[in-house]
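# Next come a sequence and a model predicted from it.
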Amino acid sequence: MNGTAVHDPTPAPAFWRIALPHTAAAVPVARALVRTALAELEHAADCDTAELLTAELVANAVEHTTGETPIELVVELLPTGCQVEVHDPDPAPPADLTVPSLPVPDPLQEGGRGLLLIRALSSSCGHRPTDSGKAVWFRLPAVPAQRRPTA
């Protein structure tokens, strides 16, 4: 070999895609997948926040779409953080995901805070059309090493 060998320390992105049942049982499975993906690779994104926001996206997909079509979870780990997408069969965009809604959720109601949490806790979020419906996503930044909890 001629020339100097260069070692690129930047890891290649890791990517997972899994079909989940269109039932509430998908929520804990999705949380476990995100937790495992972030822990096994010692990824720097905040695992608790990633689990919470993933659970919100999956629960919304189950609650607000119909049919037997599976929901798909896509997790991508990047050197700069992670991106999680949930694909569902409904092409309609989620209400007020990227634009805050004017009415504040009723504190006495059980629901209505999922998209608010996603907007507040993610570095960015959005939705896009897919061939079979839509994908709703969020991104979390990497947490600096000095701010990560020690084991």
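It's in. Numbers count the residues shown, from 1 in each chain.
# got a list of what Val143 touches?
44-46 (C-beta atoms under 8 Å, 6 or more residues apart in numbering). All C-beta atoms are positioned from the backbone trio N, CA, C, and that covers glycine.
# ok, now with 6 Å
By C-beta atoms under 6 Å, 6 or more residues apart in numbering, the residues touching Val143 are 44, 46.
# check which helix or strand covers Ile118.
helix 114-121 (DSSP states H and E).
# Touching, Asn60 and Gly114? I think so.
Yes. Counting by C-beta atoms under 6 Å, Asn60 does reach Gly114; the two are 5.5 Å apart.
# related to what we said a few turns ago, using neighbour counts, pick out the buried residues of the helix or strand just after the helix holding Ile118.
Remark: after helix 114-121, the chain's next helix or strand is strand 124-130, criterion DSSP H and E. Across strand 124-130, burial judged by 16 or more other C-beta atoms under 10 Å covers 125-127.
# Likewise for stretch 28-46?
Neighbour counts over stretch 28-46 (16+ other C-beta under 10 Å) mark 30-31, 33-34, 37-38, 43-46 as buried.
# Let's test this: mean pLDDT of that stretch, rounded?
Stretch 28-46 shows a mean pLDDT of 83.
# Dump that stretch to CSV, keeping only the CA atoms.
The C-alpha atoms that make up stretch 28-46 are tabulated as CSV, following Å, rounded to 0.1, in the frame of the first residue of the first chain:
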residue,chain,number,x,y,z
PRO,A,28,-42.9,-1.7,25.9
VAL,A,29,-41.3,-3.6,23.0
ALA,A,30,-40.3,-0.3,21.4
ARG,A,31,-39.0,1.1,24.7
ALA,A,32,-36.9,-2.0,25.2
LEU,A,33,-35.4,-1.9,21.7
VAL,A,34,-34.4,1.8,22.2
ARG,A,35,-32.9,1.1,25.6
THR,A,36,-31.0,-1.9,24.3
ALA,A,37,-29.7,-0.1,21.2
LEU,A,38,-28.4,2.8,23.3
ALA,A,39,-27.0,0.7,26.1
GLU,A,40,-25.2,-1.9,24.0
LEU,A,41,-23.4,0.6,21.9
GLU,A,42,-22.8,2.9,24.9
HIS,A,43,-24.4,5.6,22.9
ALA,A,44,-24.2,9.1,24.2
ALA,A,45,-27.9,10.1,23.8
ASP,A,46,-30.1,10.2,26.9
